[in-house]
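> Just to be clear, the model below is a prediction. Sequence and coordinates:
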Amino acid sequence: MTLGYAFKRIDRHGKPRYTACYEDLKGKITSAGTFSSKKEADRAWQRAEAEVGKGRDLNLKRGRQTFKKYVEETWLPNHEVEPTTMQSYHYSIYKHVMPEFGAMRMMDILPEHVRAWIRQMKKNGVSAATIRYNKVVLSAIFTTALNDQVTYIHPCKGVRTPTVPEKPLEIISPEQFDDLYHALPDADSKLLVETAIETGLRWGELTELRGRDLKTRSRLLTVSRVVVELNPKFHPEGKRFLVKDYPKDKEWRRFRLSDQIVAKLEDHIIEENLGTDGLLFVYQPEAAVEERPAPLDPEALGWTEENAKGRRYRHGTLSAYNAAKCRCEHCRRAFAEYRARRRADGKDSPREPRRRETDGHVPANWFRNRIWKPALKKADLDAKVRIHDLRHAHASWLLAGGADLQVVKERLGHGSISTTERYLHTLDDADDTALAAFDKIRSRRTEPIPCTQ
């Protein structure tokens, strides 16, 4: 049954205008445009009705809304993802995407605009990996918009991003790990790091371990939860830590530990009286390594560049910070120490010391800056090692020792065996076995090969 029609009205100049009206997918009368003749209006509403019959919504008002309005009022509130992913989306959108597309209408954003945006990010020094992630977020927004018929073009289709090189993994050796282990400040941090290398757990899995997860008799460890650290505005209850009842791969896993680490963990549980629900590793700020830097010696630090008045100042002084606008580590430190002294004397509105928001879970950033980095510096390793690299080392050491590839995959909770294969032959001496095998075959000939002149 045809419900479309052309509505006639007279404009302010006394000329007739015809609005093409049709019934959209929701049964509402909607405009398909205004025309100067009834014939054109009839064609417009007839075309619109034909598209509605195919299941397409031609309400152009939706496409005319700005990108900012669509993202903030439709996409973000209704996009069902993990809280950590939503937090990451917000940071990407408001730092990189919204400044470029926020004021544009959804229907006006074309592939050429996306290519220009990517080119500008590359020019501004944004890394290839960040550019790729930003494009993934923008593509997800327009995939939803296309499915909801807000737009009829996907501006990210066919748009390329800079290549993200696949860098080889640098695996910490057992000797390097021993040096790092002995540089840690106390028994609790040593136990946490040793458990990390022995289990290959992710940080969120490791710091959510509780007494009930370890069966000391069978030496079985169950990984069934993960804790994530969030900005409180992304937490369902406005807190800092969120415990999820499933690990990253959405599947529980169970594997056996060595006798020595089980014995250490069992002693730790008994000594701390943790019980079944107590966290194995608890935030203990007194464990941090406090290193007092040497006093500044401006006489040995040299001079700043000339300022606008042609004057230079010694580094590590307030004059260098204020007059020369120098922001090197020495000048910033001099200014920070000056402000700290004033606050200690009750000046400059002294503030309360910052308190770490935690429910007992170990904050990743605190452990990294106050425990891990000082230990790395003390161990003087010839490598940059992250806490997550202990997971890489666990996999690499297992495979180098002859463990089955499928067993390692299940132990680490990898979704694909190709992920586990990345850890094959990653130790520095991994090629030695190949060279030995080649030399063995190469040397099978009993008679020496005659030399040719």
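Noted; the coordinates are in hand. Numbering: from 1, shown residues only.

> And the host helix or strand of H113, what's buried?
For H113, the host element (DSSP states H and E) is helix 111-123. Residues of helix 111-123 classed as buried: 114-115, 117-118, 121 (neighbour count, 16 or more other CB atoms under 10 Å). Using the backbone N, CA and C atoms, a C-beta is placed for each residue, glycine as well.

> And those, which is closest to G14?
V114 (45.4 Å; CB to CB).

> list the contacts for that closest one?
Applying CB atoms under 8 Å, 6 or more residues apart in numbering to V114 gives the contacts 135, 138, 155-156, 159.

> Most neighbours of all these, which one?
The residue in the contacts of V114 with the most neighbours, by other CB atoms under 10 Å, is L138 (25 neighbours).

> From what I see, that residue and C156 are in contact.
Yes: here L138 reaches C156: they are 5.9 Å apart, a contact under CB atoms under 8 Å.

> Please convert the contacts of V114 to JSON lines, extending it with secondary structure, pLDDT and distance to Y22.
As requested, those are exported to JSON lines (DSSP: H, G, I helix; E, B strand; the rest coil; pLDDT from 0 to 100; distance: CB to CB, whole Å):
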{"residue": "K135", "secondary structure": "helix", "pLDDT": "97", "distance to Y22": "36"}
{"residue": "L138", "secondary structure": "helix", "pLDDT": "97", "distance to Y22": "32"}
{"residue": "P155", "secondary structure": "coil", "pLDDT": "95", "distance to Y22": "27"}
{"residue": "C156", "secondary structure": "coil", "pLDDT": "95", "distance to Y22": "31"}
{"residue": "V159", "secondary structure": "coil", "pLDDT": "95", "distance to Y22": "34"}
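
> how about those, which pair is most distant?
Every pair of the contacts of V114 checked by CB to CB; the farthest is K135 and P155, at 10.4 Å.

> mind checking how far stretch 38-51 is from the chain centre?
Its chain's C-alpha centre and that of stretch 38-51 lie 49 Å apart, by CA atoms, centre = their mean, to the nearest Å.

> give me the element Y22 is part of.
Assessed by DSSP H and E, Y22 sits inside strand 16-23.

> List of residues touching that strand?
3-11, 29-38, 40-45, 48-49, 52, 58.

> Show me how to select, in PyMOL, the buried members of the residues you listed.
Buried residues within the contacts of strand 16-23, by 16+ other CB under 10 Å, are selected in PyMOL with:
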select buried, resi 4+5+6+30+31+32+34+35+41+42+44+45+48+49+52+58
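
> from the contacts of strand 16-23, which ones fall inside helices?
Of these, the ones assigned to helices by DSSP state H are 38, 40-45, 48-49, 52.

> how near is the residue nearest the centre of the chain to N231?
When CA atoms, centre = their mean is applied to the chain, the residue found nearest the centroid is S88 (6.5 Å). Going from S88 to N231 by CB to CB, to the nearest Å gives 11 Å.

> What is the burial count for K167?
Counted with other CB under 10 Å, residues neighbouring K167 total 6.

> go on, Y246?
Here the number of neighbours of Y246 (other CB under 10 Å) works out to 12.

> cool, D186 as well?
Counted with other CB under 10 Å, the neighbours of D186 add up to 13.

> And it, how far from E194?
With distances taken as CB to CB, D186 is found 13 Å from E194.

> which residue ranges form the strands in the stretch 101-250 of the chain?
Taking DSSP state E, counting those that start in this stretch as the test, the strands found in the stretch 101-250 of the chain are 214-215, 220-223, 226-229, 241-244.

> Can you say which of those strands is packed in most?
For the strands of the stretch 101-250 of the chain, the largest average neighbour count (mean count of other CB atoms under 10 Å) is found in strand 226-229, namely a mean of 21.

> Okay, now the sheet partners of that strand, with direction.
With DSSP bridges as the test, strand 226-229 is paired with strand 241-244 (antiparallel).

> After the strand it pairs with, which helix or strand is next?
Counting by DSSP H and E, what follows strand 241-244 is strand 253-256.

> Contacts made by the helix or strand that that following strand is followed by with the rest, please.
For strand 253-256, the succeeding helix or strand toward the C-terminus, using DSSP H and E, is helix 259-272. With contacts defined as CB under 8 Å, 6+ apart, helix 259-272 is touched by 188, 191, 194-195, 198-199, 211, 214, 216, 219, 257, 274, 278, 280.

> Alpha carbons only: can I get stretch 144-154 in PDB?
What follows is stretch 144-154, C-alpha atoms only, in PDB (Å, rounded to 0.1, in the frame of the first residue of the first chain):
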ATOM      1  CA  THR A 144      28.400   0.400  13.200                       C
ATOM      2  CA  ALA A 145      27.200   3.500  11.500                       C
ATOM      3  CA  LEU A 146      27.000   1.700   8.200                       C
ATOM      4  CA  ASN A 147      25.100  -1.200   9.700                       C
ATOM      5  CA  ASP A 148      22.700   1.200  11.300                       C
ATOM      6  CA  GLN A 149      22.300   3.100   8.000                       C
ATOM      7  CA  VAL A 150      23.600   6.300   9.400                       C
ATOM      8  CA  THR A 151      25.900   6.500   6.400                       C
ATOM      9  CA  TYR A 152      26.100   4.500   3.200                       C
ATOM     10  CA  ILE A 153      29.900   4.700   2.700                       C
ATOM     11  CA  HIS A 154      32.700   3.300   4.900                       C
END
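
> Residues touching it, excluding its own?
56-57, 62-63, 65, 70, 74-75, 79, 106-107, 109-110, 139, 142-143.

> Now, those residues that are in helices?
In this view, the contacts of stretch 144-154 that belong to helices under DSSP H are 62-63, 70, 139, 142-143.

> Pull out the buried residues from these.
62-63, 70, 139, 142.

> Flag the shaky bits of the stretch 51-200 of the chain, pLDDT-wise.
Residue ranges of the stretch 51-200 of the chain with pLDDT under 70: 54-61.

> check contacts around Q65.
105-106, 150.

> Reformat these as TSV; add neighbour count.
Conversion of the contacts of Q65 to TSV gives the following (neighbours: other CB atoms under 10 Å):
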residue	neighbour count
R105	15
M106	22
V150	22
